[in-house]
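1. with the sequence up front, the predicted model follows.
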Amino acid sequence: MARIILSRKTTNLLVFILFVVIVASVFRISVPDTSLGPANLYHHATGHDKNEADYWEWETTTRFAPVKNQFTASPSADDDHLCDSFPTYVLSRIQVVLKIGASEPADRVDAQISTVTRCIPNLLIVSDRESELKGHRVHDILATLPESFRFNVTDLEPYEALRRGDEKAVGSDEGWHLDRFKFLPMVERAHETNPTAQWYVFLESDTYYVWDNLFRLLDQYDPSEPLYFGSPSPGREIAQGKPMYFAYGGAGFVLSAGAMKKMVHRHHGSMGEYVEPSLSLQYEDIVKGDCCGDSVLGWVLYQKGVKLSGLWPMFNPHPLHSIPFDNAYWCQPVISMHKTILSDMKGLIEWENQRDRKKPLLYADLFEYTRMGTFESKPDWDNGDWGGFSEPDESPAHISMEACRTACHEHAECLSYTYDHSGHCIFVRTMRLGHSKPPTKEVRLSAGWDVAKMRNWRASHQCEKPMWVKPSITRIF
């Protein structure tokens, strides 16, 4: 009898287990698979879970040596010490490439070479004209384009005139149209110059890199993986209105050795002969038909199986004066900025070199450089040229600068403002430095900041750890 009861109990247990299995299969109930945790997923897939932070709190270390020499009052003496702590040894595995053009202002290019890329001895410079710049050879990268590129391409005519000695053939418009032809041969030349590099870092004459943060970032990734870092910008359509994304060139971008290998690889025949044309020839029609080289490069990488790992806001499309400091630009490390003015290039690198670099440079730290919070207003200034909002036309905020200031202070979302003296008040939700705006007969502007509100905001937004954002093309400026 006991055996019968035990048998019935066993049978009932088995039936219950079977029932649970059936229910689980019907309703797709499953135990989470720890093998598919964030650390094991391919990098483009991380951060999509809304319950998961879209950043890492890495503990990183600087590659820079401690600064031993204090800066003096002499500008020339300061320049002599800019590279004292720079970790030149990392350049054995990092190839830096600077793209410039004959139409660019000479002082801007000179400022770039004298500051941001001053400490890069193996700097590769490509342009549309052969020359020498502060001891570096400047390579005419367009000279490497196949002859077929020159047939019926009017955008290349100014370049041909430049080669014949016409120094005025390439103005700013012509230079912009020429720029797209440089990207693919630039990438090919970078690989030819340094085929064993682990990383290829690209920038333009007005790009500012925080090298310490960039080196910290690259230390966290495997260069043998096909990685393409930068600030995401929508490009060509890939399906039903869905765009692929490319790295905005002005903010700088990075290719890993794995990505470079995929990009320049050419199939060969049984005797070792190439059976595919060069990269530039493969995409000749795309280059001719597109407006922009960074877009072309992103498309080529996409076609080669390398998708963009978007790292905005660390790769930043804004200049320093236009950064909208708020939650999106605060505890994240600063890696790059675009359209950097000449005085900021020199000022920023000297300021950086006075930091101890024990921690990465965050936007919250960069805010200190702007000195916002130490002044309440500036005449002939504009900090609301984009991203602002206004009260209704009948609002008293539009009466005067003082009324605009009062209205901003009373508005919970206003941190700064610009007043157009023709009678228009613009509120700004972020803390933006803005820029000088000389008055004209038609327009006179003044800008202001709610210093008290800014102080309270900063006090409530302390950065305990840096937020190294995960790659994303949904987090985009």
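-> Cool, got the structure. Numbering: from 1, shown residues only.

2. for Arg108, helix, strand, or coil?
-> For Arg108, the secondary-structure state derived from DSSP: H, G, I helix; E, B strand; the rest coil is helix.

3. thinking Ser436 is in contact with Pro379, fair?
-> No: using Cβ atoms under 8 Å as the test, Ser436 is too far from Pro379 to be in contact (9.8 Å). Using the backbone N, CA and C atoms, a C-beta is placed for each residue, glycine as well.

4. and the residue nearest the centre of the protein?
-> The chain has Phe315 as the residue nearest its centroid, 2.2 Å off, counting by Cα atoms, centre = their mean.

5. separation between that one and Val96?
-> Per Cβ to Cβ, to the nearest Å, Phe315 is found 15 Å from Val96.

6. repeat that for Ile323.
-> Counting by Cβ to Cβ, the gap from Ile323 to Val96 is 24 Å.

7. higher neighbour count, those two?
-> Val96 (26 against 22; other Cβ atoms under 10 Å).

8. from Met263, how far out is the more buried one?
-> 18 Å.

9. just Gly387 next, same as before
-> Distance of Gly387 to Met263, computed by Cβ to Cβ: 36 Å.

10. who has more neighbours out of these two?
-> Met263 (23 against 13).

11. next up, the contacts around that one.
-> By Cβ atoms under 8 Å, 6 or more residues apart in numbering, Met263 lies in contact with 187, 255, 279, 300-301, 304, 306.

12. give me the buried entries from these.
-> When neighbours are counted using 16 or more other Cβ atoms under 10 Å, the contacts of Met263 contain these buried positions: 187, 255, 279, 300-301, 304, 306.

13. and which of the residues you listed is nearest to Ala65?
-> Nearest to Ala65, judged by Cβ to Cβ, of the buried ones among the contacts of Met263 is Leu255 at 27.5 Å.

14. which other helices and strands contact the lengthiest strand in the chain?
-> Of all the segments of type strand in the chain, defined by DSSP state E, the longest one is strand 232-239. Where contact means 3 or more Cβ pairs under 8 Å, 6 or more residues apart in numbering; DSSP states H and E, strand 232-239 is packed against strand 242-247, helix 293-303.

15. I'd like these written out as JSON lines, with mean pLDDT and distance to His461 added.
-> Formatted as JSON lines, those follow (pLDDT from 0 to 100; distance: least, Cβ to Cβ, whole Å):
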{"stretch": "strand 242-247", "mean pLDDT": "96", "distance to His461": "28"}
{"stretch": "helix 293-303", "mean pLDDT": "97", "distance to His461": "33"}
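
16. nearest to Ala161, out of the ones you listed?
-> helix 293-303 (20.6 Å).

17. need the contact partners of that closest one.
-> For helix 293-303, the external contacting residues (Cβ under 8 Å, 6+ apart) are 179-184, 187, 228, 233, 235-236, 238, 244-249, 253, 259, 262-263, 279, 283, 286-287, 290, 307-308.

18. just to revisit the earlier point, nearest to Ile100, of the helices and strands packed on strand 232-239?
-> helix 293-303 (13.2 Å).

19. and the next helix or strand past that closest one?
-> strand 309-310 (DSSP states H and E).

20. pLDDT (mean, whole number) over that following strand?
-> Throughout strand 309-310, pLDDT has a mean value of 98.

21. that strand pairs with which strands, parallel or anti?
-> As defined by DSSP bridges, the strand partners of strand 309-310 come to strand 228-230 (parallel).

22. how many neighbouring residues does Ser148 have?
-> For Ser148, the count of nearby residues is 12 (other Cβ under 10 Å).

23. kindly present the helices and strands packed on strand 232-239 as a markdown table, with separate columns for distance to Arg458.
-> Converted to a markdown table, the helices and strands packed on strand 232-239 look like this (distance: least, Cβ to Cβ, whole Å):
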| stretch | distance to Arg458 |
| --- | --- |
| strand 242-247 | 31 |
| helix 293-303 | 35 |
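
24. mind checking which of those is nearest Glu147?
-> Nearest to Glu147, of those and by Cβ to Cβ, is helix 293-303 at 19.6 Å.

25. can you point out the buried residues in the closest one?
-> 293-302.

26. now stretch 405-412
-> 405, 407-408, 411.

27. now, these that are in strands?
-> Going by DSSP E, the strands hold none of the buried residues of stretch 405-412.

28. looking at these, which are in helices?
-> Using DSSP state H, 405, 407-408 are the members of these that sit in helices.

29. out of these, flag the one nearest to Thr154.
-> For those, the minimum distance to Thr154 (Cβ to Cβ) is 50.2 Å, reached by Cys408.

30. ok, the closest one touching Ala447?
-> No: at 10.8 Å, Cys408 and Ala447 do not qualify as touching, with contact defined as Cβ under 8 Å.

31. and for these two, which residues touch both?
-> Residues touching both Cys408 and Ala447 (Cβ under 8 Å, 6+ apart) are 416-417.

32. okay, strands next: where are they in the stretch 51-200 of the chain?
-> In the stretch 51-200 of the chain, the strands defined using DSSP state E, counting those that start in this stretch lie at 55-56, 94-99, 124-127, 131-133, 136-140, 199-204.

33. nearest to Pro471, out of the ones you listed?
-> Of the strands of the stretch 51-200 of the chain, nearest to Pro471 by Cβ to Cβ is strand 55-56, at 10.7 Å.

34. rounded mean pLDDT for that closest one, please.
-> When pLDDT is averaged along strand 55-56, the result is 97.

35. what helix or strand is the nearest residue to Tyr200 once chain neighbours are set aside on?
-> Leaving aside its sequence neighbours, Tyr200 sits nearest to Leu255 (Cβ to Cβ, 6 or more residues apart in numbering; 4.5 Å). Using DSSP H and E, Leu255 sits within strand 253-256.

36. right, and the helix or strand after that strand?
-> Counting by DSSP H and E, the next helix or strand C-terminal to strand 253-256 is helix 257-264.

37. tilt between that next one and helix 293-303?
-> Angle, helix 257-264 to helix 293-303, by axes from the mean of the first three to the mean of the last three Cα atoms, to 10 degrees: 90 degrees.

38. C-alpha coordinates for helix 257-264, PDB please?
-> Coordinates of each C-alpha in helix 257-264 appear next as PDB, following Å, rounded to 0.1, in the frame of the first residue of the first chain:
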ATOM      1  CA  ALA A 257      43.100  47.800 -36.800                       C
ATOM      2  CA  GLY A 258      40.200  45.300 -37.200                       C
ATOM      3  CA  ALA A 259      38.100  47.900 -39.000                       C
ATOM      4  CA  MET A 260      41.000  49.000 -41.100                       C
ATOM      5  CA  LYS A 261      41.700  45.400 -42.100                       C
ATOM      6  CA  LYS A 262      38.200  45.000 -43.300                       C
ATOM      7  CA  MET A 263      38.200  48.300 -45.200                       C
ATOM      8  CA  VAL A 264      41.400  47.900 -47.200                       C
END
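
39. and that helix, how far out from the chain's middle?
-> In this view, helix 257-264 has its centroid 20 Å away from the chain centroid, taken as Cα atoms, centre = their mean, to the nearest Å.

40. stretch 282-300 too?
-> Here the centre of stretch 282-300 is set off from its chain's centre by 20 Å, with Cα atoms, centre = their mean.
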